[in-house]
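**Student:** From the sequence below, what's the structure:
(chains A and B, ligands or ions: 2)
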Amino acid sequence: MGVRLLLREETLTARIVGEIDHHTARAVREEIDSAAQKVKPLRLCLDFTEVPFMDSSGVGLILGRYRLMQMWQGRVILCGLSPQVEKLVEISGLNRLVTMERRENDESHE
Amino acid sequence: MKAMNEMSVSFLSVSANESFARAVVAAFASQLDPTIDQLADLKTAVSEAVTNAIVHGYRETLGTVYITAKLYETGKIVVRVRDKGVGIPDVEKAMEPLFTTGGEERAGLGFAVMQSFCDKVAVRSALGKGTTVTLHKSLLRRGREHE
Ligand SMILES: Nc1ncnc2c1ncn2[C@@H]1O[C@H](COP(=O)(O)OP(=O)(O)OP(=O)(O)O)[C@@H](O)[C@H]1O
Ligand SMILES: [Mg+2]
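**Tutor:** Ligands and ions are numbered 1, 2, ... in the order given. Presented below is the predicted three-dimensional model:
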């Protein structure tokens, strides 16, 4: 489990690696928040390319980062979503609050 | 209906066991030859129920979480997740989407996720005694019925 952070042109990208559940979410949250609070980026991109599993703890994680970014009118972008993660995000209604970008190799479906 | 196979497992309510619990149930369910999507849905639902037992049922205390799973000839799996924790005062209200007593970092979506990822979810709870969540899911592949 881990997070790789990259700051480029006002976008902080957090590439999350591993399964997201209640057990792992805390460490991910702390790492993202300490970077985001320092930088206050315009955009926070949460990259799920290397997340093979997520439950509602992941939804809470996204929601919490949305609230944080709101404090300085920043946006949250989700990318690299697997079908499983995308289904959860849709059930939660989060898709109304954040911008979603699908996994590149899935675009052929449209 | 009689189950064709059955397993049970119990473990301490520490959060490191959340991934263990969903992996165990998924490995058992694999006997029914489910699709990858069906297995992912089942794992998610089990993860929700087990996390609730650990986070809400036992709160700051340590207890035991009990899981039993049964497989049926019809391709159905029934998973029961039980805790002997605080119990739920109002089950109907607890199951409403976005209802949570878990604070800022919880979405209040666990039950909603279980319901949309399973065919049926039953909850029995008694204050001070604990909670049992039963998940029903058909793992039958489409078009298999006539084989
Ligand atoms: N096993 C349990 N024991 C006691 N209370 C429970 C149990 N399971 C659920 N609850 C109660 O029901 C509420 C709703 O549960 P649900 O899983 O839908 O949301 P959550 O756990 O609060 O948030 P999320 O699952 O999205 O992280 C909980 O906040 C809690 O009050
Ligand atoms: Mg929950």
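**Student:** For the rest of this, base every contact and every neighbour count on C-alpha atoms.
**Tutor:** Will do.
**Student:** quick one, what contacts the residue in chain B that ligand 2 sits nearest to?
**Tutor:** Nearest to ligand 2, among the residues of chain B, is B:Gly110, at 3.9 Å (C-alpha to the ion). Residues near B:Gly110 by C-alpha atoms under 8 Å, 6 or more residues apart in numbering or on different chains: A:Ser56, B:Ala45, B:Glu48, B:Ala49, B:Asn52.
**Student:** From the contact counts, what lies against the host helix or strand of the last one?
**Tutor:** Using DSSP states H and E, B:Asn52 maps to helix B:36-52. Using 3 or more C-alpha pairs under 8 Å, 6 or more residues apart in numbering or on different chains; DSSP states H and E as the contact definition, the elements that helix B:36-52 packs against are helix A:83-92, helix B:17-29, strand B:76-83, helix B:110-117, strand B:130-138.
**Student:** Now do that helix: everything it contacts.
**Tutor:** A:21-22, A:53-56, A:84, B:15, B:18-19, B:21-23, B:25-26, B:29-30, B:65, B:79, B:81, B:110-111, B:113-114, B:117-118, B:133, B:135, B:137, B:139.
**Student:** hmm, which of these are the buried ones?
**Tutor:** Restricting these to buried positions leaves A:21-22, A:53-56, A:84, B:15, B:18-19, B:21-23, B:25-26, B:29, B:65, B:79, B:81, B:110-111, B:113-114, B:117-118, B:133, B:135, B:137, B:139, with burial counted as 16 or more other C-alpha atoms under 10 Å in any protein chain shown.
**Student:** Ligand 1 next: which of those residues are close?
**Tutor:** When contact is defined as C-alpha under 6 Å from any ligand atom, these meet ligand 1 at A:Ser56, B:Gly110, B:Phe111.
**Student:** Let me have the contacts of B:Gly110 in a markdown table, extended by distance to ligand 2 and pLDDT.
**Tutor:** Output for those, formatted as a markdown table (distance: C-alpha to the ion, whole Å; pLDDT from 0 to 100):
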| residue | distance to ligand 2 | pLDDT |
| --- | --- | --- |
| A:Ser56 | 7 | 97 |
| B:Ala45 | 10 | 98 |
| B:Glu48 | 5 | 98 |
| B:Ala49 | 7 | 98 |
| B:Asn52 | 5 | 98 |
